[in-house]
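**Q** Predicted coordinates and the sequence they were generated for:
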Amino acid sequence: MGTATVRHICRSAAAAAGLAMAISAGHAEDRPGTWRLEAWQPPFDYSHPSTAIDYQPVANAAHHWKICASYPHLKDSYWVSVNYGMVEQAKAAGVGLTVVEAGGYPNLDKQIEQIKACSTNADALIVGTVSYNGLTPTIQEIARRIPVIAAVNDIDSTGITAKAAVSWEEMGRSIGSYLANLHPPGSKPVKIAWFPGPKGAGWVPFIEAGFQQGLKNSSAKIAAVKWGDTGMEIQLLLVEDVLATQPDIDYIVGSAPTADAAVSLLRAQGKEQRIKILADYFTHGTFREIFRDKVLAAPTDSPPLQGRIAIDQAIRAIEGTLRYRHIGPQIKVVNKTNVLSLDLDNTLAPAWFKPTFEVK
């Protein structure tokens, strides 16, 4: 695929996501007083079942605390939605927020340097990590001074004060089970091209394990696996390679950018009626593509709500009022039957929101 073609498809996918954001432009203006969440006890351990709780966020912080938040990237609307939740919650609670982003999952050294600098004058650090354990020595050092909150991505719990996240294994299992239900044992076998994400990223081994588990006891089999960063151009190249080398696949399953890339490529190659697409997380692009029957389903873990939770946990950790050390939204699989009934303000950033790096 030529560079100009890749750029054209990337622009088309961005425009499609923009249309989905326009659909969500009118979401809720009044915040509910409580959030319905899942809590894990002991914390940071998904081997035990979670408990549903009604969670009351801090209305106003006791002081104008300074919080630093570090993201893997802001290359897709998933992390933009996390950013939206953090920014809105910081404003609502009356705290300052400084955001840094590493530019992608390969950039561990960059994230280390960013969080060292950003946390110097902060009262708490929130980390969406690029690596499961690559940040551990740095976090241990920072945790001697200030609370460290893990957000979204799985991470080694050493030095972590609290965590705002869901089980990525359950995210993978939910979409694997959805596909398995479409192809029960004894039905006609189908072939899957599976795009887990970048090796080494904190969430990828868990979503991989969950997806594999969800597919058990079905006639669906993985015929190809492609690892790589979740940037759109990389995913376009990976999907194109699979379509060239495995033309008989029946499903493409992977990240939200994988689904975006697959929609564009299948349409360009005239294969959109034969090959089906599922995503293992939910963004503006998958919202639009599910609505238009281009993607079958994707689980949402409510990225804006995770951002809000992380800010609230940081405030509580600073002020000594932290009750739940590990909480997250409830996972919901979205398909054509329920896509228009979503709580959009807790699921996607609105159309007007742009990535924001500082709240004074």
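**A** Nice, I can see it.
**Q** Which residue ranges of the stretch 51-200 of the chain form strands?
**A** Taking DSSP state E, counting those that start in this stretch to define them, one finds strands in the stretch 51-200 of the chain at 51-55, 66-71, 96-101, 124-127, 148-151, 162-164, 190-197.
**Q** May I see these arranged in JSON lines, with distance to residue 276, mean pLDDT and mean neighbour count as well?
**A** (Each C-beta comes from the backbone N, C-alpha and C, glycine too.) Compiled in JSON lines, those are given as follows (distance: least, C-beta to C-beta, whole Å; pLDDT from 0 to 100; neighbours: other C-beta atoms under 10 Å):
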{"stretch": "strand 51-55", "distance to residue 276": "32", "mean pLDDT": "97", "mean neighbour count": "12"}
{"stretch": "strand 66-71", "distance to residue 276": "31", "mean pLDDT": "98", "mean neighbour count": "26"}
{"stretch": "strand 96-101", "distance to residue 276": "33", "mean pLDDT": "98", "mean neighbour count": "21"}
{"stretch": "strand 124-127", "distance to residue 276": "36", "mean pLDDT": "98", "mean neighbour count": "28"}
{"stretch": "strand 148-151", "distance to residue 276": "32", "mean pLDDT": "98", "mean neighbour count": "28"}
{"stretch": "strand 162-164", "distance to residue 276": "33", "mean pLDDT": "98", "mean neighbour count": "27"}
{"stretch": "strand 190-197", "distance to residue 276": "9", "mean pLDDT": "97", "mean neighbour count": "23"}
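**Q** Nearest to residue 300, out of the ones you listed?
**A** Proximity of these to residue 300 was assessed by C-beta to C-beta; the nearest stretch is strand 162-164, lying at 15.3 Å.
**Q** And the helices in this structure, which stretches?
**A** Taking DSSP state H as the criterion, the chain carries its helices at 3-23, 77-93, 108-118, 136-143, 168-182, 204-215, 232-245, 256-269, 284-291, 303-319.
**Q** Residues in contact with the fifth one: which ones?
**A** Meaning helix 168-182. Under the criterion C-beta atoms under 8 Å, 6 or more residues apart in numbering, residues 46, 153-154, 192, 203-204, 206-218, 220, 251, 253, 278-281, 296-299, 301, 331, 333, 335 lie in contact with helix 168-182.
**Q** for the record, mean pLDDT for that helix?
**A** Average pLDDT, helix 168-182: 96.
**Q** okay, now residue 108: neighbour count?
**A** Residue neighbour count, defined by other C-beta atoms under 10 Å, stands at 17 for residue 108.
**Q** dump the residue contacts of it.
**A** With contact taken as C-beta under 8 Å, 6+ apart, residue 108 is in contact with 102, 130, 131, 134, 135.
**Q** ditto for residue 210
**A** By C-beta under 8 Å, 6+ apart, residue 210 lies in contact with 167, 168, 169, 170, 171, 172, 173, 174, 176.
**Q** and which of these is nearest to residue 349?
**A** Closest to residue 349 out of the contacts of residue 210 is residue 171 (19.3 Å), distances taken as C-beta to C-beta.
**Q** The closest one - nearest residue in space that isn't next to it in sequence?
**A** Nearest in space to residue 171, with sequence neighbours left out and distances taken as C-beta to C-beta, 6 or more residues apart in numbering, is residue 299 at 5.2 Å.
**Q** quick one: the one you found and residue 172, what's the gap?
**A** As judged by C-beta to C-beta, to the nearest Å, residue 299 and residue 172 stand 9 Å apart.
**Q** right, so of the helices of the chain, which gets closest to residue 159?
**A** For the helices of the chain, proximity to residue 159 was assessed by C-beta to C-beta; helix 136-143 is nearest, at 3.8 Å.
**Q** Please save the CA atoms from that closest one in CSV.
**A** Output of helix 136-143 as CSV, limited to C-alpha atoms (Å, rounded to 0.1, in the frame of the first residue of the first chain):
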residue,chain,number,x,y,z
THR,A,136,8.2,-0.1,38.3
PRO,A,137,11.5,1.3,39.6
THR,A,138,10.5,4.9,38.7
ILE,A,139,7.1,4.5,40.3
GLN,A,140,8.6,3.1,43.5
GLU,A,141,10.8,6.2,43.7
ILE,A,142,7.9,8.6,43.1
ALA,A,143,5.6,6.7,45.5
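**Q** contacts for it?
**A** With C-beta under 8 Å, 6+ apart as the contact definition, helix 136-143 has outside contacts at 112, 115, 116, 119, 125, 127, 148, 156, 158, 159, 160, 161.
**Q** ok, so of those, who is nearest residue 90?
**A** residue 125 (13.9 Å).
**Q** which residues sit in contact with the closest one?
**A** Residues in contact with residue 125, defined by C-beta under 8 Å, 6+ apart, are 67, 68, 69, 70, 115, 118, 119, 142, 146, 147, 148, 149.
**Q** Just give the nearest non-adjacent residue to residue 355, would you?
**A** With C-beta to C-beta, 6+ apart as the criterion, residue 355 has its nearest non-adjacent residue at 4.9 Å, and that residue is residue 74.
**Q** any idea how far residue 88 is from residue 315?
**A** Going from residue 315 to residue 88 by C-beta to C-beta gives 14 Å.
**Q** do residue 262 as well
**A** Distance, residue 262 to residue 88, by C-beta to C-beta: 32 Å.
**Q** neighbour-wise, which of those two wins?
**A** The neighbour count for residue 262 versus residue 88, taken as other C-beta under 10 Å, is higher for residue 262 (33 against 21).
**Q** Under the pLDDT cut-off, which ranges of this protein? List them.
**A** For the chain, residues meeting the criterion pLDDT under 70 lie at 1-32.
**Q** residue nearest the centroid of it?
**A** Centrality entry for the chain: nearest residue to the mean C-alpha point is residue 78, 5.4 Å, by C-alpha atoms, centre = their mean.
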